[in-house]
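Trainee: just need the structure, nothing else, for what follows:
(4 chains)
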Protein chains: 2
Amino acid sequence: MAAWVRFVAVLELLPGVLDSQLRRDSGVTHFEYFVMAVLSETPGGAMRMTELAGATNATPSRLSHVVARLEERGYVERSPCPENGRATNARLTEGGRAKMRAAAPGHTAAVRRHVIDVLSPEQVTQLAAISDAILGSVAPAGPMAEGYRRYDGPAGESS
Amino acid sequence: MAAWVRFVAVLELLPGVLDSQLRRDSGVTHFEYFVMAVLSETPGGAMRMTELAGATNATPSRLSHVVARLEERGYVERSPCPENGRATNARLTEGGRAKMRAAAPGHTAAVRRHVIDVLSPEQVTQLAAISDAILGSVAPAGPMAEGYRRYDGPAGESS
DNA sequence: CCGCGACAGTTGAAGCGACAACTTGATTCA
DNA sequence: TGAATCAAGTTGTCGCTTCAACTGTCGCGG
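Mentor: Okay, the predicted model is just below:
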């Protein structure tokens, strides 16, 4: 029970801290940053909306709103998929890539300072296993099933 | 960084799952439930707003809005503090207590199903320690007291 | 006694996310 | 072929959180 109360506090506070840092320093939310980070790591530079929604653990609706805002600011471009008339491809623009380059150092520093650096290497490993276990019970019941699994294999370079 | 990506997914998905369960089964949000839970555990049954904000990791503004909604629904009552004219005491009503009794079983079951039961006892202990460490860097003045700050500026080294 | 700053809490506007309804393109099958 | 069905996204609305500004109170120095 004590563990749960502390964990709830983390769930409540940490997103706000990360959001604040990115918004203050770079004018983007953490989720916007994460969306652009995922896009910046795709080989082709473009990704279909549903796939992007799965990779970012977002509902299609949320992703649509966010990408619309990012497009308005010139960080992302949307274009209808040639092969699939109902699909849409999202692609990071050069401006979006520049925004990422500018925002990444501050964000990674914040993540390290608030999470990674305060944990021992074993605790980081433990956190990965714990997160995995929780995701296993939460993701199937959540809005996005199986989406997080695309991060199972390789160790990504995001954030 | 693989650990971080998984943890971000948990931060993104878990609150939504808990919120959904409580909202669907009991018509309250997770934060509303948490506020009432803290109130229900106070010896006197009442608590100052600032103290309650600290205990629930919320900003004064957020707590004010939430308590106003809870008061409208008859779950909480506010009364000016006799000793301190500028302070306000929040107290759980009998209706609020009944709401808690009705909502608690489903919520604790959800917490167990999605978090506690999928972790080993050692992992629960590890999660408590990890949460504690993160809280230490995220809420420098401590979440149970005032002095809660959202972001205290860049202090780390950029890589 | 009065003014000034800090404290406790509230309020209103703006932004973001959830939910549901909708549009449009693909698929299935008789 | 053509209607029923499903999939991919989008949109509109509503509720919650945040931010800044505000009201009222306490404490203190002059």
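Trainee: okay, CA-based contacts and neighbour counts for the rest of this
Mentor: Will do.
Trainee: would you map the strands across chain A?
Mentor: Counting by DSSP state E, chain A has strands at residues A:46-48, A:76-80, A:88-92.
Trainee: of all those, which lies closest to chain B?
Mentor: Nearest to chain B among the strands of chain A is strand A:46-48; the distance by CA to the nearest CA comes to 18.6 Å.
Trainee: so for the closest one, what gets flagged as buried?
Mentor: Within strand A:46-48, the residues that count as buried by 16 or more other CA atoms under 10 Å in any protein chain shown are A:46-48.
Trainee: what do you get for stretch A:19-36?
Mentor: Under 16+ other CA under 10 Å, the buried positions of stretch A:19-36 are A:19-22, A:26, A:28-36.
Trainee: could you dump the residues you listed to JSON lines with pLDDT and distance to B:E77?
Mentor: Output for these, formatted as JSON lines (pLDDT from 0 to 100; distance: CA to CA, whole Å):
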{"residue": "A:D19", "pLDDT": "95", "distance to B:E77": "33"}
{"residue": "A:S20", "pLDDT": "93", "distance to B:E77": "32"}
{"residue": "A:Q21", "pLDDT": "94", "distance to B:E77": "36"}
{"residue": "A:L22", "pLDDT": "95", "distance to B:E77": "38"}
{"residue": "A:S26", "pLDDT": "94", "distance to B:E77": "41"}
{"residue": "A:V28", "pLDDT": "96", "distance to B:E77": "38"}
{"residue": "A:T29", "pLDDT": "97", "distance to B:E77": "36"}
{"residue": "A:H30", "pLDDT": "97", "distance to B:E77": "36"}
{"residue": "A:F31", "pLDDT": "97", "distance to B:E77": "36"}
{"residue": "A:E32", "pLDDT": "97", "distance to B:E77": "39"}
{"residue": "A:Y33", "pLDDT": "97", "distance to B:E77": "41"}
{"residue": "A:F34", "pLDDT": "97", "distance to B:E77": "41"}
{"residue": "A:V35", "pLDDT": "97", "distance to B:E77": "42"}
{"residue": "A:M36", "pLDDT": "97", "distance to B:E77": "45"}
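Trainee: so which of these are in helices?
Mentor: A:19-22, A:26, A:30-36 (DSSP state H).
Trainee: contact residues of chain A facing DNA strand D?
Mentor: Residues of chain A lying close to DNA strand D (CA under 7 Å from any atom of the strand) are A:16, A:20, A:48-51, A:60-65, A:68, A:78, A:86-89.
Trainee: and the residues you listed, which of them are buried?
Mentor: Buried subset of these (neighbour count, 16+ other CA under 10 Å): A:16, A:20, A:48-50, A:60, A:63, A:78, A:88-89.
Trainee: dump those residues to a markdown table, plus distance to DNA strand C.
Mentor: Output for these, formatted as a markdown table (distance: CA to the nearest atom of the strand, whole Å):
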| residue | distance to DNA strand C |
| --- | --- |
| A:G16 | 11 |
| A:S20 | 12 |
| A:R48 | 14 |
| A:M49 | 14 |
| A:T50 | 13 |
| A:P60 | 8 |
| A:L63 | 7 |
| A:R78 | 15 |
| A:T88 | 10 |
| A:N89 | 13 |
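Trainee: what about the most centrally placed residue in chain A, distance to DNA strand D?
Mentor: Residue closest to the average C-alpha location in chain A (CA atoms, centre = their mean): A:F34, at 3.1 Å. Look at A:F34 and DNA strand D: by CA to the nearest atom of the strand, to the nearest Å, they are 17 Å apart.
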